[in-house]
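Trainee: Return a 3D structure for these sequence lines:
(one chain, ligands or ions: 1)
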Amino acid sequence: MQVPAHVDYEKATSVDHALALLDRYGAEAKVLAGGHSLIPMMKLRLAQPELLVDINGLTDLRYITRAGKVLRIGTLTRHAQLLESDLAGEHFAIMHDAERVIADPIVRNWGTVGGSLCQADPSEDLSAAFAAMKGTMVIHSREGDREVSARAFHTGPYETVVGPAEMLTEIRLPVRPGGGSGYKKVARRAGDWPVGAAGAAVWLSGGVIADAGIGLTAVGATHFAAAEAEEFLRGRPADEQTLAQAGEIAAEHCRPVTDQRGPADYKRHLARELTTRVLRLAVSRARGEAA
Ligand SMILES: Cc1cc2nc3c(=O)[nH]c(=O)nc-3n(C[C@H](O)[C@H](O)[C@H](O)COP(=O)(O)OP(=O)(O)OC[C@H]3O[C@@H](n4cnc5c(N)ncnc54)[C@H](O)[C@@H]3O)c2cc1C
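Mentor: Residues are numbered from 1 along each chain as shown. The predicted structure follows:
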């Protein structure tokens, strides 16, 4: 059985305390949220921090709330809480769709939204969902808060813009009229990582797509997004032909690789099919036709 290298451990008593510890150790410190990604990485020696800063006691970072036209999700919100949240599901059904197919109840009961996003695994489901919803991430440091778009948050596989003395604290999602969203995933077995998955959010205005967000995961999409397909959809009628064309564009611009989960051409096929299907679902939900 693999065991991690020696590591120091501190339980943060406040956000300021966590930041002070992160500041002191710099790149040698790591935030410990649910630990479902970090601990396996440490066991494999793919991560060897000198200090773990456990933020699980910071319960004020665990919330789902609406403030005006913004849905706010605290970084320490567990997957299971997001899945059970009526407020989240009411505004963005995509979150419930995605959470239903992430791992299993054990992982969902302890893994956190922020941990998933910060892990930046290229096959991660929530990153694609948040890219589709066009969310923004609040990053906190001793200098204050800075807000970056979901697209700018991920800089590459396992990389984000969160610096060594910073923490992700909140995700913000704009609530706009005429919206509908959905998520679909193909996995080899229940609870597994995706072979390919797509999420979509659309905002309709009089039968026309006023705005659209498309998130893709595990298929080599830049920043988990299908920006060219989103651009194509803007201002067009939400009809079958348009949605199918968007699927084609999404597939054309992703860069899947062959791995143990499937061949690249099959993943490209999934990108096309899942994008089209999830757009269809999002449009029907925006029209109030589907649950
Ligand atoms: C068996 C298994 C199956 C899985 N299946 C899926 C799946 O199907 N789909 C999927 O998307 N995911 C899947 N996962 C991944 C799971 O969703 C993530 O492991 C988990 O949710 C990550 O969150 P965490 O709180 O455990 O993060 P941690 O492991 O604690 O942290 C992950 C990384 O994020 C950093 N971090 C955490 N919080 C912050 C913060 N607030 N600010 C800055 N940095 C932070 C940590 O330092 C670390 O580098 C699976 C995991 C397991 C173990």
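Trainee: neighbours of residue 61, just the number please.
Mentor: Residue 61: 22 surrounding residues under other CB atoms under 10 Å. Backbone N, C-alpha and C define where each C-beta goes, glycine included.
Trainee: do you know how far the residue nearest to it when sequence neighbours are not counted is from residue 96?
Mentor: Of all residues not flanking residue 61 in the chain, residue 76 sits nearest, at 4.0 Å (CB to CB, 6 or more residues apart in numbering). Separation of residue 76 from residue 96 (CB to CB, to the nearest Å) stands at 19 Å.
Trainee: quick one: which of the two has more around it?
Mentor: Using other CB under 10 Å, the more surrounded residue of residue 76 and residue 96 is residue 76, with 24 against 19.
Trainee: my guess is the more buried one contacts residue 116, does it?
Mentor: No. Using CB atoms under 8 Å, residue 76 is not in contact with residue 116; the gap is 11.7 Å.
Trainee: and the residue of the stretch 1-150 of the chain nearest the ligand?
Mentor: residue 115 (2.2 Å; CB to the nearest ligand atom).
Trainee: Return the residues of the protein in contact with the ligand.
Mentor: Residues of the chain found near the ligand (CB under 6 Å from any ligand atom) are 30-38, 75, 79, 102-103, 107, 111-112, 114-116, 118-119, 124-126, 162, 167-168, 193.
Trainee: Can you tell me which of those end up in strands?
Mentor: Under the assignment DSSP state E, these contribute 30-32, 167-168 to strands.
Trainee: Could you save these as TSV and add columns showing pLDDT and neighbour count?
Mentor: As requested, those are exported to TSV (pLDDT from 0 to 100; neighbours: other CB atoms under 10 Å):
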residue	pLDDT	neighbour count
30	97	21
31	98	23
32	98	22
167	97	24
168	98	26
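Trainee: State which helix of the chain is the longest.
Mentor: Longest helix in the chain, counting residues (DSSP state H): helix 264-286.
Trainee: Pull out the buried positions in that one.
Mentor: Using 16 or more other CB atoms under 10 Å as the test for burial, helix 264-286 gives 266-286.
Trainee: how about residue 138, secondary structure?
Mentor: Secondary structure of residue 138, reduced to three states by DSSP: H, G, I helix; E, B strand; the rest coil: strand.
Trainee: Find the nearest non-adjacent residue to it, please.
Mentor: Nearest residue to residue 138 in three dimensions, chain neighbours excluded: residue 170, at 4.0 Å (CB to CB, 6+ apart).
Trainee: Okay, now the sheet partners of the helix or strand hosting the one you found, with direction.
Mentor: Assigned by DSSP states H and E, residue 170 falls within strand 167-174. Paired strands of strand 167-174, with direction, are strand 70-74 (antiparallel), strand 136-141 (antiparallel) (DSSP bridges).
Trainee: Same list (the ones you listed) but as a markdown table, adding mean neighbour count and mean pLDDT.
Mentor: Supplementary listing: the strands paired with strand 167-174 in a markdown table, determined by neighbours: other CB atoms under 10 Å; pLDDT from 0 to 100:
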| stretch | mean neighbour count | mean pLDDT |
| --- | --- | --- |
| strand 70-74 | 20 | 98 |
| strand 136-141 | 20 | 97 |
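Trainee: Is it correct that residue 21 is in contact with residue 52?
Mentor: No. Contact between residue 21 and residue 52 fails when scored by CB under 8 Å: they sit 9.5 Å apart.
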